[in-house]
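Asker: After the sequence you'll find the predicted model.
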Amino acid sequence: MELFKTTSAAGHEQVLFCHDQASGLKAIIAIHDSRLGAAMGATRLWPYESEAAALTDALRLSRGMTYKAACANIPMGGGKAVIIAKPEEKTCELLQAYGRFIERLNGRFITGQDINLTPQDVRQINRETQYVVGTQEKSGGPAPVTAIGVLLGMKAAAKYRFGSDSLKGLKVAVQGLGNVGQHLCEWLYKNDAKLFVSDINQAKVSKLARLYGATAVEPEEIYGLDVDIFAPCAMGAILNSQTIPMIKAGIIAGSANNQLEDEQLHGEMLTAKDILYCPDYVINSGGLINVYHELIGYNEKKAISHVHSIYDTLLELFNKANTTGMTTHEASKQLAEERIIKTQQAQMLVSA
Ligand SMILES: NC(=O)C1=CN([C@@H]2O[C@H](COP(=O)(O)OP(=O)(O)OC[C@H]3O[C@@H](n4cnc5c(N)ncnc54)[C@H](O)[C@@H]3O)[C@@H](O)[C@H]2O)C=CC1
Ligand SMILES: O=C(O)C(=O)Cc1c[nH]c2ccccc12
């Protein structure tokens, strides 16, 4: 593999390969862009089938974090880390060794809880490094706030598509009933939407069906449902050449990162089908916004009010995509790049 060609192709600044002999830790920390500030991104633990797959995931996720911060008007950079391990291989030693790697970066990378890490795991990491946010003790886990952002994104999409941002009576299919998906379902239930849910964990599906009167569907059935909104809240790359032809929903609005398998090709496939796609790093920025507020002094009201900007940003993007002919994903990338340059210029004026 040509490492520099791979890591610089999407503009990455630095990639760290961390190995701790004693605990067996193998982690990749990708810092995509720190022009505006320290790189922020939660840490994911996953049993990647190859090191190349782990690197690809870290590179794509960290670039998404740069755009996520920029679209949310957060003056911070983008990064992401992946630990290559099975969940059962997680030990205190491994997490602490990981924490020491973070600490040695002296604040260049700020991290927290992502897939397969629990609040207790983050506490272990936090024993060795101060550069952790989003713990239960501080602002609480980010997932409930991410869910609020997704709900607001759905409302913006409904407003654009149907002229009203009420979700009452709309059929919504939620894929993945994890930390974000469950909170999202609660909000949708309170907003009188009709819920369809799937998860590979049957117990979660039964729980949500019981709590919110949701219709349970098999994991592979979720794409083809005759619904108004499809909310991917499980894994990435689920918008691809196999699934897009099946989708009947007119709106895609969910929390998963890297939803488009191929950003250009699958973004265009969605546009061609007249499906309104809410760019993932815009609609799922609620968690990042919430942890960012920890860094500037946490105030719940201020954090939630910041999350409400997701609604306006999405409406701006839908209009921009419509008038320019770009996909909503392209429009959001352009907006992110514009905001980075603008913020950088403003920062230079302040420091001059
Ligand atoms: N937690 C947060 O604040 C944020 C989460 N995200 C993204 O949102 C997504 C969900 O995050 P969490 O809820 O925190 O993760 P989680 O790990 O708690 O939940 C994921 C759920 O998806 C289910 N799942 C896995 N494969 C599936 C399949 N094929 N079909 C249906 N369900 C499946 C899992 O069983 C689990 O219940 C992830 O992609 C994550 O990266 C993005 C931004 C912030
Ligand atoms: O939106 C994402 O993918 C995130 O990583 C958000 C996030 C959740 N918890 C954090 C802790 C530190 C930096 C970012 C996050």
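Answerer: Alright, I've got the coordinates. Ligands and ions are numbered 1, 2, ... in the order given.

Asker: which stretches of the stretch 201-350 of the chain form helices?
Answerer: Taking DSSP state H, counting those that start in this stretch as the test, the helices found in the stretch 201-350 of the chain are 202-212, 263-272, 280-283, 286-295, 300-307, 309-324, 328-351.

Asker: residue contacts, the residue of the stretch 101-250 of the chain found nearest ligand 1?
Answerer: In the stretch 101-250 of the chain, the residue that lies nearest ligand 1 is residue 178 (1.6 Å; Cβ to the nearest ligand atom). Just so you know, the C-beta spots here come from the backbone N, C-alpha and C atoms, and that holds for glycine as well. Residue 178 makes contacts with 143, 199, 204, 233, 234, as judged by Cβ atoms under 8 Å, 6 or more residues apart in numbering.

Asker: Quick check: the second one touching residue 207?
Answerer: Just to be clear, that refers to residue 199. No - taking contacts as Cβ atoms under 8 Å, residue 199 lies outside contact range of residue 207: 9.6 Å.

Asker: how far away is residue 174 from residue 279?
Answerer: Distance, residue 174 to residue 279, using Cβ to Cβ, to the nearest Å: 19 Å.

Asker: wait, what's in contact with the residue of the stretch 1-150 of the chain at minimum distance from ligand 2?
Answerer: Closest to ligand 2 within the stretch 1-150 of the chain is residue 112: 2.5 Å, counting by Cβ to the nearest ligand atom. Counting by Cβ under 8 Å, 6+ apart, residue 112 touches 42, 43, 122, 132, 133, 134, 135, 142, 291.

Asker: again, only using 6 Å
Answerer: 42, 132, 133, 134, 291 (Cβ atoms under 6 Å, 6 or more residues apart in numbering).

Asker: What about those residues, which are in helices?
Answerer: Cross-referencing those against helices under DSSP state H gives residue 291.

Asker: Looking at the contacts of residue 112, which one is closest to residue 70?
Answerer: residue 291 (16.0 Å; Cβ to Cβ).

Asker: Check whether that closest one really touches residue 133, as I assumed.
Answerer: Yes - between residue 291 and residue 133 there is a contact under Cβ atoms under 6 Å: 4.2 Å.

Asker: Just want to know which of those two has more residues nearby.
Answerer: More crowded of residue 291 and residue 133, by other Cβ atoms under 10 Å: residue 291, with 28 against 24.

Asker: which residues sit in contact with the more buried one?
Answerer: With the criterion set at Cβ under 6 Å, 6+ apart, residue 291 makes contact with 112, 133, 134, 142.

Asker: For those residues, which two are the farthest from each other?
Answerer: So, those by Cβ to Cβ: farthest apart are 133 and 142, at 8.7 Å.

Asker: tell me which parts of the stretch 251-352 of the chain are close to ligand 2?
Answerer: Counting by Cβ under 6 Å from any ligand atom, the residues of the stretch 251-352 of the chain lying close to ligand 2 are 257, 284, 287, 288, 291.

Asker: Just flag the most distant two among those.
Answerer: Pairwise distances among those were taken by Cβ to Cβ; the largest, 15.0 Å, belongs to 257 and 291.

Asker: Give me the pLDDT for the closest residue to residue 197 other than its chain neighbours.
Answerer: Counting by Cβ to Cβ, 6 or more residues apart in numbering, the nearest residue to residue 197 once its immediate chain neighbours are dropped is residue 214, at 4.5 Å. Residue 214 carries a pLDDT value of 98.

Asker: just residue 6 next, same as before
Answerer: pLDDT at residue 6 comes out at 88.

Asker: Make sure it is indeed in a helix.
Answerer: Yes - counting by DSSP: H, G, I helix; E, B strand; the rest coil, residue 6 falls inside a helix.

Asker: distance of it from residue 272?
Answerer: Taking Cβ to Cβ as the measure, residue 6 falls 30 Å from residue 272.

Asker: Can you pull the residues of the chain lying near ligand 2?
Answerer: 40-42, 68, 110-114, 133-134, 142, 257, 284, 287-288, 291.

Asker: Strands - which of those land there?
Answerer: Per DSSP state E, strands hold the following members of the residues of the chain next to ligand 2: 40, 110.

Asker: Could you tell me which residues of the stretch 251-352 of the chain lie near ligand 1?
Answerer: 255, 256, 257, 284, 287.

Asker: quick check, nearest of the residues you listed to ligand 2?
Answerer: The closest of these, once distances to ligand 2 are taken by Cβ to the nearest ligand atom, is residue 287, at 4.2 Å.

Asker: Surely that closest one touches residue 146?
Answerer: Yes - the pair residue 287 / residue 146 is scored as a contact, 3.9 Å apart, by Cβ under 6 Å.

Asker: and those two? which has more neighbours close in?
Answerer: Counting neighbours by other Cβ under 10 Å for residue 287 and for residue 146 shows that residue 287 has the greater number, 28 against 25.

Asker: Leaving out the residues flanking it, which one is nearest to that one?
Answerer: residue 142 (3.1 Å).
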